[in-house]
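**Student:** Take a look and give me a structure for this.
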Amino acid sequence: MLFLVADENFNNDIVRGLLRIKPDLDVVRVQDVGLSSADDPIILEWAADQDRVLLTHDVATITKYAYERIRQGKYMPGVIEVTRKAALGAAINDILFISQSCEPGELQGQIIYLPLAKR
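**Tutor:** Sure thing, here's the model as predicted:
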């Protein structure tokens with residue numbers, strides 16, 4: 001199972017829904033680990049140090065910095081980019097599917113875009 005970190009602006013309804021369905025899911029929010037208002041590269045560095053896949057809605061900058069880490073040969077455990085237009089249930093189900101079917105390190109260097117399929 002993957003370890004997850006939700007960035008500061010990630011929909012907390014999704015985080016609560018994830019934990020309601022799977023209470024033992026290892027997900028933290030950046031504001032819970034002292035990274036409120038931290039720049040994207042710092043969040044990605046922390047996620048790499050903790051081997052956590054980042055949950056985000058921020059396709060504009062996180063994606064840029066994630067690919068920059070990869071180009072620099074730095075570890076990037078993965079990013080799950082959830083469109084803000086995704087239905088809440090679809091986002092929760094897709095994140096649970098990915099987190100439970102992947103092992104740590106399996107999403108290394110990848111950005112996954114959700115929802116996985118049009119519903």
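
**Student:** drop to CA atoms for contacts and neighbour counts, all remaining ones
**Tutor:** Fine.

**Student:** can you pull the contacts of Pro115?
**Tutor:** Going by CA atoms under 8 Å, 6 or more residues apart in numbering, Pro115 touches 82-83, 86, 90-91, 94.

**Student:** Which two of those have the greatest separation?
**Tutor:** By the measure CA to CA, Thr83 and Asp94 form the most distant pair in those, at 12.0 Å.

**Student:** And the two? Which one has more around it.
**Tutor:** Between Thr83 and Asp94, counting by other CA atoms under 10 Å, Asp94 is the more crowded of the two (18 against 15).

**Student:** Backbone dihedrals for that one, please?
**Tutor:** Main-chain torsions, Asp94, degrees, to the nearest 10: phi -70, psi -40.

**Student:** Helix or strand: which one has the residue positioned nearest the centre of the chain?
**Tutor:** The centroid of the chain falls nearest to Leu55 when counting by CA atoms, centre = their mean (2.0 Å). Leu55 is part of strand 53-56 when elements are defined by DSSP states H and E.

**Student:** measure stretch 63-79 end to end?
**Tutor:** Start and end residues of stretch 63-79 are separated by 8 Å (CA to CA, to the nearest Å).

**Student:** Name all residues that make contact with Ser36.
**Tutor:** Contacts of Ser36 by CA under 8 Å, 6+ apart are 8, 30.
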